[in-house]
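>>> Just to be clear, the model below is a prediction. Sequence and coordinates:
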Amino acid sequence: MGDLRKKWKGFCATLCFVSFLSGAAAVAAENKIVIGSIWSQVGVAAPPGQAGLRGGRLAVKLLNERGGVFGRPLELKNIDGQSDTTVISNAAIRLVDEIKVVAACGLCDDSLVSAAGSTFQSGKTPFLVASATTPTIPSIGDYIFMVPFGDNYQGRAVASYCAKTLGWKKVAVIRDSASAYSTELSKFFVESFREFTGDEGALAHQEIYQTGDVNFTAQLTRLRRQSDRQRIDGIVITPPFPQDSPIIAKQARRLGIRLPIMLTDGADDPTVIEVGGEHVEGALISTHFAAEYPLTENAKRFVETYTAEYGAEPGAFECLGFDSVMILAETIETIGKEKWDAMSLSARRTAMRDTIQIHKYVMTTMPISYPDPETAKYPRIPEKPVVFKEIKAGRRIFRAILNPEDLY
Amino acid sequence: MLSIENMVAGYGKAQVIHGIDLEVRSGEIVALVGPNGAGKTTTIRCITGEIRPVKGSVRYDGANIADIPPHRVASAGIGCAREGRNIFGNLTVYENLAMGGYVIRGHLKLRERMAWVYDLFPRLKERTGQLAESLSGGEQQMLAIGMAVMNEPGLLLLDEPSLGLAPVVVDQIYEKIAEICREGASILLVEQDVGLALDISRRAYVMESGQIRISGPSDELGKDPYIIDTYLGAR
Amino acid sequence: MSAHYLAQQLINALSHGSILALLAIGYTMIYGILGLINFAHGEIFMIGAFACFGAVEFLEMSFPAGVFAAIAGSVLAGLLIERFVYRPCLKRKPEALTVFIASFGASLGLRNLFTMLFGDGRRPFPSAGFLEGIIVTESGLTVNVKDLWIFGVTVILVVGVSVFVKHTKAGIAMRAVAYDANAARLVGINGATAVLTAFLLASILAGVSAVAYGVSYGIVTPSMGYQIGLDAFIAAVLGGIGNVPGAAVAGYIIGLGEILFVALLPPGYSAARPTFVWALLFLILFLKPSGLFRPDMKNR
């Protein structure tokens, strides 16, 4: 069924391509600049997807209010990925071959990005991953860039915060074995945590669950037994989607486990507080952005306009969506109107890739630039600060920020 | 008591009964005999309401019962012990009898009837807590009849009560059938063993290919050359 | 492996086992009487949870009123499914595969409908203060007050339903219909009433189970009935189809088995928990094809 649909889409795309070759529509859409996005509006990835799209739309609105790009309106064409790899894979084909966007952005979680990445790469169309943080994602190819930090970096920042700021010596980790994000991030964390504590046995205990589980009492009871036998200072959970961590926290507290809990960016969503209630009080979250602690003038303006537009403060995923669109717009402007107008579609796409690789972005909520791909261990990932929040009285409150230079 | 007039019936498009008339009067045993596939069991099913006749009427105590569903026929006072023994193997003997008396209102009445059945079949009383599927064939037949008479039916339908039983057991069962009739029930007895059926019944119908071939008082039919030739054979 | 650790895991299984036990009875009763696997039973459960959630969150009812809303929601769903899916379907005396598809379709359809209406995110399930207490014994075992409530209510309901099915006239009639529906009609039992009784009881238990799930895990989602429904169905098979106490005991065995599977093996095996349930089913059916206990309401 899905396969058939894919073939049908492919057929349609080919038809469109043929009609384009005939020159009939060669000058169409010249008036506006169309960029694409894939943000899931339903399914497990809907909370970050909806947030990302809100951020992206706000960026488009602000850009068009000041006259668009080169005086031309910017249009964001979003396709709902439905948290489904087949739908996402089709969406990528449509954006590249049918809608013919110059570049695109969106998506969260490594498993979803891998459904679209190779299509953008083989279509030589730049794609900015809005909120997946697995650092191996850009290894798909040189047209794939990440907007957030990578988990090698997030893991290190969390380890630094736990070991140096909180003074933890021993930790327990809970991860989701069905998610590459969860597995990889916890690995990066443990590696750095051992380094910072200088203790090979700093990981006192590890528990595993699988996406969809609701009963964690067996794992947590074992964790509790371990904490009776030896010192454990805190629990680090790396949940790929916001839904699991509040249930884990709830069951831990009900089993009398009072250890502090550290969550990672997959949990920076209001759902965690709605479901977790009093049980997630005091939990820490590592994330990308805190509305009450804007780092730049741009960020301050983003928070103000977002709050005016949507009536609520933006979270990390809104911020990443906003920055994704801003990077694409700034890239086009950097290339320059005259060069841009003289280029074919494929030349524009390639020029955008080359520009992203070297440009230092200033229109975003924080300065973003990419390391030299020749020397970087993980290319096409920006180095960005990691923000720490604490859940207090049902709100996520800014606690600290760790800059790249603090870590290495 | 029961009168069937010009009844036509069948399964789907296959017509099995082509217009029969049959009557059971109060207090008599009527036998319905004939070869396999003649339509005897289908006739019983029309009376119990399992099959709706295509044409004709089935009257019980003056009311047409051809169109009412089986569970209402049962509560109208027609009991039925069917070929294949419609007992509930997963229930105990006691529970089976209680289900036989499902339509009885009042606990006292139920116990009274159960005592009567246990009197009639003392063997069942011995087995009261046993699962029905663990009973012997004869005991299962006793249970089936016992269930059918729980509700003190005005009319009792018995379909092949002798089937698959040893002759000694058959004699016992037939004794009980006669006793039930003496207690006041009218009985329509379907039986392959024509000799046995003619012995116990007052009147009889001989059914062949969905029609009544001959009918009349049983003792007269027992002397009919056609009956002797076709059904009584060696006797 | 200390006794203390095992005792705590046993306590952990109280709620989960109760949720499975209550659901398993529903599968076993409906399979017993209609001979069909009611795959939509997990959705009857889910609808009960949504009814409680809606009553407490939007209509601002008290939590105990929400429990009755859950039961009412499940019963309504159960009776509607019986009336508009199974009754018309079974009337045509269909092939087993047709019934299977109807049942599966009802399940999928309801899950999709609720996903369309409410989205598939997890919503917080309401709770009440009297359920939230934690008791710590002298030896350090942690017992949640809600576990005791859930276990207590479940035991009462299981005993109640078992007594009903075993000893009341309506219950015996239900088993009679399960064995031979036609013979039951001949003694005056209305088969449709017996089927409705089975759906009614199954749905009441599903509603209570949904509240137990919500209170234990704190969430309600349109897909919450899927995995737990499968586990409960397996419990029904293990318990001997039609055997009400058997299904309940098997529910606790599976609940405890799932917990012990995670608790006794190294952490790396935890993710294989769902596979374990199926493996257990195969193993037991291989050794004892009719389940652990004697089938009761079996069809002839």
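Sure thing, it's come through. Numbers count the residues shown, from 1 in each chain, chains lettered A, B, ... in the order given.

>>> Any chance you could list what contacts stretch B:213-230?
With contact meaning C-beta atoms under 8 Å, 6 or more residues apart in numbering or on different chains, stretch B:213-230 is reached by B:22, B:31, B:34, B:194, B:197-199, B:201-207, B:232, B:235. C-beta coordinates here come from the backbone N, C-alpha and C atoms, glycine included.

>>> From those, list just the buried residues.
Neighbour-count burial (16 or more other C-beta atoms under 10 Å in any protein chain shown) applied to these gives B:22, B:31, B:34, B:194, B:197-198, B:201-207.

>>> what would those look like in a markdown table with secondary structure, pLDDT and distance to chain A?
Shown next, in a markdown table, are the buried ones among the contacts of stretch B:213-230 (DSSP: H, G, I helix; E, B strand; the rest coil; pLDDT from 0 to 100; distance: C-beta to the nearest C-beta, whole Å):
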| residue | secondary structure | pLDDT | distance to chain A |
| --- | --- | --- | --- |
| B:22 | strand | 93 | 60 |
| B:31 | strand | 94 | 64 |
| B:34 | coil | 89 | 59 |
| B:194 | helix | 89 | 65 |
| B:197 | helix | 91 | 64 |
| B:198 | helix | 92 | 69 |
| B:201 | coil | 94 | 67 |
| B:202 | coil | 93 | 71 |
| B:203 | strand | 94 | 69 |
| B:204 | strand | 94 | 67 |
| B:205 | strand | 94 | 63 |
| B:206 | strand | 93 | 64 |
| B:207 | strand | 93 | 58 |
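
>>> Now tabulate those residues in CSV and tack on distance to residue B:225.
Converted to CSV, the buried ones among the contacts of stretch B:213-230 look like this (distance: C-beta to C-beta, whole Å):
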residue, distance to residue B:225
B:22, 23
B:31, 19
B:34, 17
B:194, 14
B:197, 18
B:198, 14
B:201, 20
B:202, 21
B:203, 19
B:204, 16
B:205, 18
B:206, 13
B:207, 19
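
>>> Let me know the secondary structure of residue 225.
Because you didn't say which chain, this covers chain A. Following DSSP: H, G, I helix; E, B strand; the rest coil, residue A:225 is assigned to helix.

>>> look at chain C instead
helix.

>>> can you pull the buried residues of stretch B:156-163?
Here stretch B:156-163 shows B:156, B:157, B:158, B:159, B:160, B:161, B:162 as buried, counting by 16+ other C-beta under 10 Å.

>>> Name the residues of chain C found near chain B, please.
Taking C-beta under 8 Å from any C-beta of the partner chain as the criterion, chain C approaches chain B at residues C:169, C:172-173, C:175-176, C:178-180, C:182-191, C:242, C:296-298, C:300.

>>> can you pull out the helices in chain B?
Along chain B, counting by DSSP state H, helices occupy B:40-48, B:70-75, B:93-100, B:107-120, B:122-126, B:137-149, B:167-182, B:194-200, B:218-221, B:225-227.

>>> Enumerate every residue touching the residue minimising distance to the centre of chain B.
Chain B has residue B:158 as the residue nearest its centroid, 1.6 Å off, counting by C-alpha atoms, centre = their mean. Applying C-beta under 8 Å, 6+ apart, we find residue B:158 in contact with B:80, B:81, B:145, B:148, B:177, B:187, B:188, B:189, B:190, B:191.

>>> can I assume residue A:113 is in contact with residue A:137?
Yes - using C-beta atoms under 8 Å, residue A:113 is in contact with residue A:137, at 5.5 Å.

>>> Indicate which one of the helices of chain B is closest to residue A:305.
helix B:70-75 (72.7 Å; C-beta to C-beta).

>>> now that closest one: how far from the chain's centre is it?
The gap between where helix B:70-75 is centred and where its chain is centred comes out at 15 Å by C-alpha atoms, centre = their mean, to the nearest Å.

>>> and that helix, anywhere near chain C?
Yes - Helix B:70-75 reaches chain C (C-beta under 8 Å from any C-beta) through B:70, B:71, B:72, B:74, B:75.

>>> Done for today, thanks.
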